[in-house]
Each structure stands twice: as C-alpha cells, then as structure tokens.
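> pasting a predicted model and its sequence here:
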Amino acid sequence: MRFRRTTVLVAALAVLVSGCGVASRAQDAGDGTATGTGANPPKGPVGPIPAGLEKFYQQQPDWQRCGSNQQCATITVPLDYTKPTGQTIELRARKVPARDRAGKIGTLFINPGGPGASGEKFAASAGFVLGSSLLRKFDVIGWDPRGVGQSTPVRCLDTAQMDKFIATDGSPDNEAEITDLNNEAKILADGCEQRSGELLPHVSTKDAARDIDVLRGIVGDPELYYLGFSYGTYLGATYAELFPKNVGRLVLDGAVDPSKTAKQNNIAQAKGFDTALDAFAEDCAQRSCRLGSSKAEVLAKIDKLINDSDATPLPGDGKREVTQALVLLGVLSPLYLKQLWPQLEDAVLDGLAGNGARLLALADQYTDREPSGYSDNANEAIYAVNCLDRPDITSVAEAKAEMPEYEAASPRFGSALLWGSLPCANWPVKAEDKPHTIKAAGAKPIMVVGTTRDPATPYEWAVGLAHQLESGVLITRDGDGHTGYKQGNPCVDNAVESYLLQGTAPTADIKC
C-alpha cells in the first residue's frame, strides 16, 4: 500500500488518551444477550422509502451485547441497489447507547475514513474520540462499510503476499524495479478479482452512501446526524448529494475535495506530507531535538535515512527487513498526530544507527499489521473503493510520463504517490464515477472542518468542499496533524458539538 490512506489513527489516539488500546473493547463479546434500547425503542423508518427497498429499511436488527454499554448487529443491504430483489450483503455495526436515554436527540453515525477503516472499531473507542456531551445525547453507531472488515469484505491477498506488496519499492529507479512493482500491483488486482469478483463493482462511495440511508431509516431518524473524518467526509458529502432532504446535522472533518482528479489529489497529498514534515522538523529543531539544531539539518537526516534505505534495507523485527517503502510509511505515520512526533524522532535516530525496528513498528501501525498478521482488510479495501470511485493512471507508460510533474511537486514523496496508483491501472473493474462538484442543493447547513497543516487531507480540500456545498460553513483549525475535532483546540470542539447538539450552524466561517 502507498500513501493513499486518509483516516484517523484510532488506536494511536486511544493509547495517548487512555494509556491502553481499543482492542479489548472492540473484541469483548459480552454475555451474548440482547440489551434492548432503554427508554427509546426503535421507531422504524420515517419518511418515504425508495421503491423496492422496503424490506431493507423496515428490518429490525438483533442488537446483542458486545461490550460494556455497547451493542452489535448485522444489517442486510442489497449488493446492487439497481437490483433490490437480488443478492444481498451484510454490514456489521456497533452502537453505544446514549447515556441520557430520556433526552436522546437521535443517532450519530460516525466514520473514521480510509476508505477501508473500520467504523465498528471506531465506535468501540467512542469514549475516547467523542466529547461527553455527544455521548450523553446521541446513540453512536459506527459500522464497517461494504467491503470492509466484519461487513461482507473484499479479500485479495494473504499475509505474506500483503507484506511483499507493502514492502516493494514504491519509487522505482529503473526498469527492473518498475517491473517488480507492476507485478505486485497485478497480483493484488488479480487476487481481488479471484476472491471478491462479485463484490468489486459494488463497493463505490455512492453504494456506501446508500447504505447510510438504510441505516438512518432503520433507527427511525427523519434526518441524518453524521460525523465523518477524512475519507468519511467524501462519504458524507456523497450522502448529502444523493439525499439532500435527509440531511440533518453533518460534520465533515479533514475534508476531501470531490472535484479533484486522482492526480491532483496525489500531488496535493505529497505536498501535504512535505508541509507536515517541515512543521515537524522546525518544531524538532526549536526544542533541541537530537536530529539537529536547524530545520534544514533535521530534514537532511531524514532524507539520508530514506535515500540510504533504498539501496540497503534496515534490519527490522528479525523476520522482516525495513525497505525504503516501509521507512517512508514509518516517517509519515506519526505526522498524522502531533503527539506522536517524539516517536518519529526516536525512530529516525535508530534508523540512522542501523536499527529499523521502530520504523517498522510505525509502518505496521499505519497498515494495521500485528504479529499474527493484518487485523483488517483496509489495505485491500482502499484500492477497491478508490479504483472504482474515479479514473486513475491506466498504464506504466502513463505513470512514466507523469513522473516529472510529481517529482517537481515533491521530490521526497511525489514518486511514491504516483506509483501507488499502479493497482488501478490493473484493476478488473472500470471506474464508475469521475471528479465532480457536490452542491447538495436544498440541504441544511453542513459543517466542514479543515486543519492548516494536515498531512493527509490538505487544508485547501476543506476550503474547496465548503465552497462547493450550497450550505457549507468552514471551521479552520490552525494546527498540525490530521483532522481537527478533539485535537486540543476548544474552539473547534465547541463549534462541532454545539452544532451537533443544537442544530444551529455558524452564520459565517470560523477560524480557530
């Protein structure tokens, strides 16, 4: 996988806040008994139901206990919304019931991004990633979108194959390396077709947005309450485009601009990582870190580590060596969260001394790699969704032709962003959509949050989305790291929570 993942690092955030991971909560099976819904029983669908989809909107999921004050259920949706009487797939969802049952507003649906990140796991960590006022007044539901995690999943590679794919040189310097990378891209694409061929044409963002409306109908909310991060902003904006009259209160944090091409997105993201790394280097130098006394010195050492690892991989965990591709992932992973910057300093120092174990651990955090293998299928689902959502490079020849532009934009990250699209050139399903503006005409106010030095979703994307939406309002966080809510800025947190709780959006853009 290349630098295409845009998601909240849930586990890292939970560790920082609580001192422990979220896995124990996510995997707690409880006693297997139904817990019910307290003072607010299911109301059933409200408003018109799309023709032919009645059985999906009217289903009553069997919510079973799956953790402390948490319930899980499986929801059925059509594989193909144009054929509602045909094959079906499953969505796995987790609910955290509102603490104030009598005063509950409704259900807040949350998505952490990706595409490919688990919303079900995200809900398991709701106590860490949401403010207490939201937990009091909303049932919180996170679900694994179609193709992801515990929902009907896209499957492509085994652990050894995925390890090789991720570790393969993503910024090839010669024809042999290009051939190796293209072969790995073909193996991924062929594996997805062989193991998930029926599902692949139906995991687009539009399909996932239609699933959201089924979920909204099932819980009985007349309008959607939604908090989406990173790619989850594109999912939320797509919902608003398809169902503008069903929009209630939508917060889109760390926004993706749907009008941009894949090439524009890749180049902007490469620059975004450069901006974030510059901020790290400047901060490091100012606090007398061990990498240097100036920003230029810090960056020079990081570049030396990256360049040297191209020819000579570092030793890792005793089983896997740390190639340049893994070094790059290890460098960018901590840029998502400023609190992780000290870990980046330590990892770079170790790498320069010939030890890649810390860099490998950071890369594994980014790719959800655990000692026993990958904890989810995010590295596969991201391609399944991205390659279907919009056209990308179509051949090695096209990638070569675009190389100068990418390298000029970002000598450090540009090449890897470009070649990271190579699986889409081999993808068995053609892209079904293209870049377009989303206006969501007639929708209620939609809040867009952007962070000025966001490494994964550059700030200009938030500006672009907010200005496209007819009812968009922009909240700007001047800061570092990925996304803005619950990142230590009370101005942002208050704006988001007041809007979700009261339904009144600011009348003008806000800078925090």
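Structure received.
> host element of Y226?
strand 224-229 (DSSP states H and E).
> hmm, A495 is touching V473, no?
No. A495 is beyond contact range of V473, at 9.2 Å (criterion: CB atoms under 8 Å). For glycine as for every other residue, the C-beta is placed from the backbone atoms N, C-alpha and C.
> overlap of the contact sets of the two?
Shared contacts of A495 and V473, defined by CB atoms under 8 Å, 6 or more residues apart in numbering, comprise M447, P506, I510.
> just the buried subset of those, please.
Among the shared contacts of A495 and V473, those classed as buried by 16 or more other CB atoms under 10 Å are M447, I510.
> show me which of the shared contacts of A495 and V473 is closest to R320.
Nearest to R320 among the shared contacts of A495 and V473 is M447, at 42.3 Å by CB to CB.
> which SS class is that closest one?
strand (DSSP: H, G, I helix; E, B strand; the rest coil).
> can you name the residues bridging to it?
Beta-bridge pairing for M447 (DSSP bridges): V251, V473.
> pretty sure it is in contact with I475, am I right?
Yes. Contact status for M447 versus I475: in contact at 6.3 Å, counting by CB under 8 Å.
> still on that earlier bit, who has more neighbours, A495 and V473?
Using other CB atoms under 10 Å as the criterion, A495 and V473 rank with A495 on top: 23 against 19.
> ok, now which ones touch Q194?
Listed by CB under 8 Å, 6+ apart, Q194 has no contact partners.
> same check on the one 5 residues further on?
Residues in contact with L199, defined by CB under 8 Å, 6+ apart, are L79, I89, R146, G147, T152, V154, A384.
> quick check, pLDDT for the closest residue to the first one other than its chain neighbours.
So the one you mean is L79. Leaving aside its sequence neighbours, L79 sits nearest to Q87 (CB to CB, 6 or more residues apart in numbering; 4.3 Å). Looking at Q87, its pLDDT reads 97.
> so P428, which state does it fall into?
Secondary structure state of P428, per three-state DSSP, is coil.
> dihedrals phi and psi, the closest residue to it other than its chain neighbours?
Nearest non-adjacent residue to P428, counting by CB to CB, 6+ apart: E193, 4.2 Å away. In this entry, E193 is assigned phi and psi values of phi -70, psi -40 (degrees, to the nearest 10).
> give me the neighbour count for E193.
Around E193 there are 15 residues (other CB under 10 Å).
> correct me, but it touches P201?
No. Using CB under 8 Å, E193 is not in contact with P201; the gap is 10.7 Å.
> select the longest helix from this protein.
The single longest helix within the chain, with elements called by DSSP state H, is helix 262-286.
> now for that one, which elements pack on it?
Counting contacts by 3 or more CB pairs under 8 Å, 6 or more residues apart in numbering; DSSP states H and E, helix 262-286 is packed against helix 295-311, helix 324-332, helix 341-352, helix 396-409, helix 414-419, strand 446-453, strand 472-480.
> now do the longest one, average pLDDT.
So the one you mean is helix 295-311. pLDDT averaged over helix 295-311 gives 96.
> can you find the helix or strand of the protein with the lowest average pLDDT?
Here the helix or strand of the chain ranked lowest by mean pLDDT, DSSP states H and E is helix 23-27, holding a mean of 27.
> beyond that one, next helix or strand please.
helix 54-57.
> continuing past that following helix, what's the next helix or strand?
On the C-terminal side of helix 54-57, the nearest following helix or strand under DSSP H and E is strand 64-67.
> helix/strand/coil for the residue of the chain most remote from its centre?
No residue in the chain sits farther from the centre than S293, which is 34.6 Å out by CA atoms, centre = their mean. When classified by three-state DSSP, S293 comes out as coil.
> hmm, Q286 and it touching each other?
No. Look at S293 against Q286 with CB under 8 Å: they stay out of range, at 9.3 Å.
> who's in contact with G503?
Contacts here follow CB under 8 Å, 6+ apart; on that basis G503 touches G248, R249, K444.
> ok, back up a step: and the nearest residue to the residue farthest from the centre of the chain once chain neighbours are set aside, what is it in contact with?
Closest residue to S293 apart from its sequence neighbours, by CB to CB, 6+ apart: A285 at 5.8 Å. A285 is in contact with L291, G292, S293, S294, K295, E297, V298, counting by CB under 8 Å, 6+ apart.
> which ones are touching the second one?
Spelled out, it's G292. Applying CB under 8 Å, 6+ apart to G292 gives the contacts C284, A285, V298, A300, K301.
> right, and the pair among those with maximum separation?
Spatial extent of the contacts of G292 (CB to CB) is set by the pair C284 and A300 at 12.2 Å.
> which one of these two has more residues nearby?
For C284 versus A300, the count of surrounding residues by other CB under 10 Å is larger for C284: 26 against 14.
> what about the nearest residue to the more buried one once chain neighbours are set aside, distance to D346?
Among residues not flanking C284 along the chain, V298 sits closest, at 5.0 Å (CB to CB, 6+ apart). Using CB to CB, to the nearest Å, one obtains 14 Å as the distance from V298 to D346.
> which one's more surrounded, these two?
The neighbour comparison of V298 against D346 (other CB under 10 Å) goes to V298, with 24 against 16.
> wait, that one touches R287, no?
No. Assessed by CB under 8 Å, V298 is found out of contact with R287, at 11.0 Å.
> what's the distance between stretch 239-246 and the middle of its chain?
Mean-position distance between stretch 239-246 and its chain equals 21 Å (CA atoms, centre = their mean, to the nearest Å).
> that should have said stretch 87-103, apologies.
With CA atoms, centre = their mean as the basis, the mean position of stretch 87-103 lies at 20 Å from the chain mean.
> T74 reaches Q59, doesn't it?
No. Counting by CB under 8 Å, T74 does not reach Q59; the two are 10.1 Å apart.
> that older thread, dump the shared contacts of A495 and V473 into JSON lines; add pLDDT as well.
Converted to JSON lines, those look like this (pLDDT from 0 to 100):
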{"residue": "M447", "pLDDT": "98"}
{"residue": "P506", "pLDDT": "93"}
{"residue": "I510", "pLDDT": "96"}
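> mind giving me TSV with the shared contacts of A495 and V473 and columns for distance to I49?
Converted to TSV, the shared contacts of A495 and V473 look like this (distance: CB to CB, whole Å):
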residue	distance to I49
M447	28
P506	33
I510	37
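> now do the SS call for V77.
strand.
> bridging residues for it?
I89.
> pLDDT score assigned to it?
98.
> spell out which residues are contacts of both of M447 and I475.
With CB under 8 Å, 6+ apart as the test, M447 and I475 both reach A495, V496, P506.
> out of those, name the ones that lie in helices.
Counting by DSSP H, these place A495, V496 in helices.
> right, I'll leave it there.
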